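S.K.: pasting the structure only:
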């Protein structure tokens, strides 16, 4: 008897779905995209309606052979890839490769991996949506045209290894613009006056000066310490009376359930997860996790979405859960609906939510890894809280008045009390109550203290993953599936570094490339143009237009401009500056050059003389090491990943390993040295590698653990044993 074949993208998804289907079905994985444009060729025939040339990468040929064999013997082939443009394109590529006759091919979609959802999809198959496929192809071709045409231009005119992209270059421009705001920022001083007062019953409360005379104080109305002290001096002996007491009910509404963007932002703010890390964890939760007796279960709905809607089935389920768990007052009579800010929320039909409201975070905790559990918990809480009543607070505002030095002064105290917690019962938000004592108009209060506080304005913060995703979304740049890979790309390509607090700082090369693109290729980095292009892709998806006119409209002027700029832009003008410095080795003039990792001094006689030095002189350690290749002297240089040895003759390099002075506890021969991963993360390992593979992520102190004898390592505020199983730790002195 012939079986039906169901094709999905991942083995995990295949395993989960196999549980729901009977013996008539075989579920196999395509392992993601089965074919793509070639790696080292443009792969797009720009003279023939931008016809793409797809190839099957060598790594995918085994999977293709297995799928062809299974499809040949199958009664019906179901393409069950993800419910977005990317998934639709994978389904189309599979249908093209497998050449399944139309009468035996079915396209099915579901937004959660549950038995009910999969069975409903099987009962309601459809044809492959060519609009969605063409929208994905148009995005891929556009990105290929920009990347493969503009990147070589940057190599010729600035430095090899650079890249440009339709969305990535806009993201880089955002980080560069923010960095320039920070550089140009000048701090401005201002002062506030804080008071502590006491009722006749000696109950103390805080208030802030908010009025002098008839005018409400603005932020910079007290600009100096002298003015602040003059005010506090005048008020030192003043007697205050309660001028007004106002109480009102304030309602707090829950936030909408998560979209891709808001999930990435919240996970970054709350846990420090990168956008890429968040999507990786969400993918695992969507595809299925082993949950006790349930087996492999999809825990959340599809995680690439810009919709904030929830299904009626889920809102009914939440209502039943809330009534049973917390009582009737915590459920809504009718589901709360949210509206999306997106012009065309088409990536999926629902927001990100748990597949079952009854599967609480407490139930999943023992089955999920800590990071998976954190993400599942905020998804569950946000979705459930969105269907709960508003929180009701009683807000109080009390005005105090006095007259001193012929001027009237007003202080204001505010407080709030939660009268009904509503969605706060399960939501992630927390409200701190500030309870004011009982105060009446005309009551005289005692001044305990009036003190000035100095403040300075702060520059705008560098972008985090969360704020950069928010900025991209605000400008309508990219779509849910592109945020995480865009940030990962600009970091991998060296345009942005992660610095303190995991903020994103543009490198010097990012400034140079952005300025070049803004001046000569303004459309590529123009926010409005990039947003318009996203709108065009949406129109292709809905069938309002076709991909060829959109591609032609972009490419023809772009190609013409690129040809013009090739002739008129000089690499030397962009990357070299004359100086009065003289080469210490050969006496020729030095120039400032721009390299892959920023500016540096270089001898103008290159390649005859290869002398270079950093713009900022730093004291480097002396060395008597000889080059392992040619035997000549080496010098210590500073690169983007720290110090390294470089031969003065043949320019061969070797890592400079900074010793911690701690003997290796594993081999007993070597010492622990500081190293960096390919991505620049510091770790510590034995200098006898690869003979000895002992390694630590944290710096060893040289001390031995009193419990197990392993090395003790430094953490942020404490020291602890390097052995995971050992519980020994102590606070730093």
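M.R.: Received it, and whenever you're ready, just let me know what you need. What you are looking at is a predicted structure, and each value in this text was computed from that prediction instead of being measured. Numbers count the residues shown, from 1 in each chain.

S.K.: pLDDT below threshold where in the stretch 501-650 of the chain?
M.R.: 616-624, 638-642 (pLDDT under 70).

S.K.: Tell me where the stretch 1-150 of the chain has helices.
M.R.: With helices called from DSSP state H, counting those that start in this stretch, the stretch 1-150 of the chain shows them at 11-18, 61-72, 85-98, 115-123, 130-157.

S.K.: what residues go with each domain of the chain?
M.R.: According to automatic domain parsing, the chain comprises the domains 3-128, 153-185+464-568, 189-253+391-456, 260-385, 575-655, 668-731.

S.K.: out of these, which comes closest to residue 134?
M.R.: Of all the domains of the chain, domain 153-185+464-568 sits nearest to residue 134, with 4.7 Å by CB to CB. C-beta coordinates here come from the backbone N, C-alpha and C atoms, glycine included.

S.K.: Verify the contact between residue 575 and residue 156 for me.
M.R.: No. Assessed by CB atoms under 8 Å, residue 575 is found out of contact with residue 156, at 10.8 Å.

S.K.: Between the two, which is the more surrounded one?
M.R.: residue 575 (17 against 12; other CB atoms under 10 Å).

S.K.: what about the more buried one, distance to residue 364?
M.R.: Distance of residue 575 to residue 364, computed by CB to CB, to the nearest Å: 54 Å.

S.K.: where does this protein dip in pLDDT?
M.R.: Judged against pLDDT under 70, the low-scoring parts of the chain cover residues 1, 341-348, 616-624, 638-642, 678-680, 716-717, 731-733.

S.K.: which residues does residue 139 contact?
M.R.: Residues in contact with residue 139 (CB atoms under 8 Å, 6 or more residues apart in numbering) are 85, 537.

S.K.: about what we covered before: can you redo the helices of the stretch 1-150 of the chain as a markdown table with distance to residue 263?
M.R.: Below are these laid out as a markdown table (distance: least, CB to CB, whole Å):
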| stretch | distance to residue 263 |
| --- | --- |
| helix 11-18 | 19 |
| helix 61-72 | 30 |
| helix 85-98 | 18 |
| helix 115-123 | 20 |
| helix 130-157 | 22 |
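
S.K.: out of these, nearest to residue 218?
M.R.: Nearest of the helices of the stretch 1-150 of the chain to residue 218, taken as CB to CB: helix 130-157 at 46.9 Å.

S.K.: C-terminal to the closest one, what's the next element?
M.R.: Counting by DSSP states H and E, the next helix or strand C-terminal to helix 130-157 is helix 168-184.

S.K.: Contacts made by that following helix with the rest, please.
M.R.: By CB under 8 Å, 6+ apart, helix 168-184 touches 146, 459-460, 462-463, 468, 471-472, 475, 477, 486-487, 489-490, 493, 495-496, 504-506, 510-511, 513-514, 517-518, 524-527, 530.

S.K.: give me that answer again for 7 Å
M.R.: Under the criterion CB atoms under 7 Å, 6 or more residues apart in numbering, residues 459-460, 462-463, 468, 471-472, 477, 486-487, 489-490, 495-496, 504-506, 510-511, 514, 517, 524-525, 527, 530 lie in contact with helix 168-184.

S.K.: ok so, going back, could you identify which of the helices of the stretch 1-150 of the chain is most buried?
M.R.: Among those, helix 85-98 has the highest mean neighbour count (mean count of other CB atoms under 10 Å), at a mean of 22.

S.K.: which helices and strands sit right next to it?
M.R.: Applying 3 or more CB pairs under 7 Å, 6 or more residues apart in numbering; DSSP states H and E, we find helix 85-98 packed against helix 61-72, strand 74-79, helix 130-157.

S.K.: that older thread, which among the contacts of helix 168-184 end up buried?
M.R.: Buried positions within the contacts of helix 168-184, assessed by neighbour count (16 or more other CB atoms under 10 Å), are 462-463, 468, 471-472, 477, 486-487, 489-490, 495-496, 504-506, 510-511, 514, 517, 524-525, 527, 530.

S.K.: how about the helices of the stretch 351-500 of the chain, start to end?
M.R.: 361-364, 370-385, 465-474, 483-492.

S.K.: Can you give me the neighbour number for the nearest residue to residue 387 once chain neighbours are set aside?
M.R.: Spatial nearest neighbour of residue 387, excluding adjacent residues (CB to CB, 6 or more residues apart in numbering): residue 318 at 4.4 Å. Residue 318 has 24 neighbours, counted by other CB under 10 Å.

S.K.: Tell me which residues are up against the helix or strand residue 318 falls within.
M.R.: Take DSSP H and E as the rule and residue 318 turns out to sit in helix 312-326. For helix 312-326, contacts defined as CB under 7 Å, 6+ apart pick out 330, 331, 332, 335, 353, 357, 358, 384, 387, 388, 425.

S.K.: quick one: the closest residue in space to residue 295 that isn't next to it in sequence and residue 146, what's the gap?
M.R.: Ranked by CB to CB, 6+ apart and with sequence neighbours excluded, the top spatial neighbour of residue 295 is residue 19, at 5.6 Å. Distance from residue 19 to residue 146, counting by CB to CB: 43 Å.

S.K.: Quick one: closest of the domains of the chain to residue 135.
M.R.: Set against residue 135 and scored by CB to CB, those come closest in domain 153-185+464-568, at 3.8 Å.

S.K.: Go ahead and measure how far that closest one is from the middle of the chain.
M.R.: 16 Å (CA atoms, centre = their mean, to the nearest Å).

S.K.: what's the answer for stretch 711-729, then?
M.R.: The answer for stretch 711-729 is 29 Å, by CA atoms, centre = their mean.

S.K.: now do the same end-to-end measure for it.
M.R.: 12 Å (CA to CA, to the nearest Å).

S.K.: ok, back up a step: format the domains of the chain as JSON lines; extra columns: distance to residue 140.
M.R.: Formatted as JSON lines, the domains of the chain follow (distance: least, CB to CB, whole Å):
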{"stretch": "domain 3-128", "distance to residue 140": "7"}
{"stretch": "domain 153-185+464-568", "distance to residue 140": "10"}
{"stretch": "domain 189-253+391-456", "distance to residue 140": "37"}
{"stretch": "domain 260-385", "distance to residue 140": "16"}
{"stretch": "domain 575-655", "distance to residue 140": "27"}
{"stretch": "domain 668-731", "distance to residue 140": "26"}
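
S.K.: Looking at the helices and strands packed on helix 85-98, which is nearest to residue 246?
M.R.: Nearest of these to residue 246, taken as CB to CB: helix 130-157 at 54.2 Å.

S.K.: who's in contact with the residue nearest to residue 499 when sequence neighbours are not counted?
M.R.: Of all residues not flanking residue 499 in the chain, residue 505 sits nearest, at 4.6 Å (CB to CB, 6+ apart). Residues in contact with residue 505 (CB under 7 Å, 6+ apart) are 179, 462, 496, 497, 499.

S.K.: try 8 Å this time
M.R.: Taking CB under 8 Å, 6+ apart, one finds 175, 179, 462, 496, 497, 498, 499 in contact with residue 505.

S.K.: Of all the helices and strands packed on helix 85-98, which one comes closest to residue 437?
M.R.: helix 130-157 (61.2 Å).

S.K.: for the strand or helix carrying residue 530, packing partners?
M.R.: Assigned by DSSP H and E, residue 530 belongs to helix 527-541. Judged by 3 or more CB pairs under 8 Å, 6 or more residues apart in numbering; DSSP states H and E, the packing partners of helix 527-541 are helix 130-157, helix 547-568.
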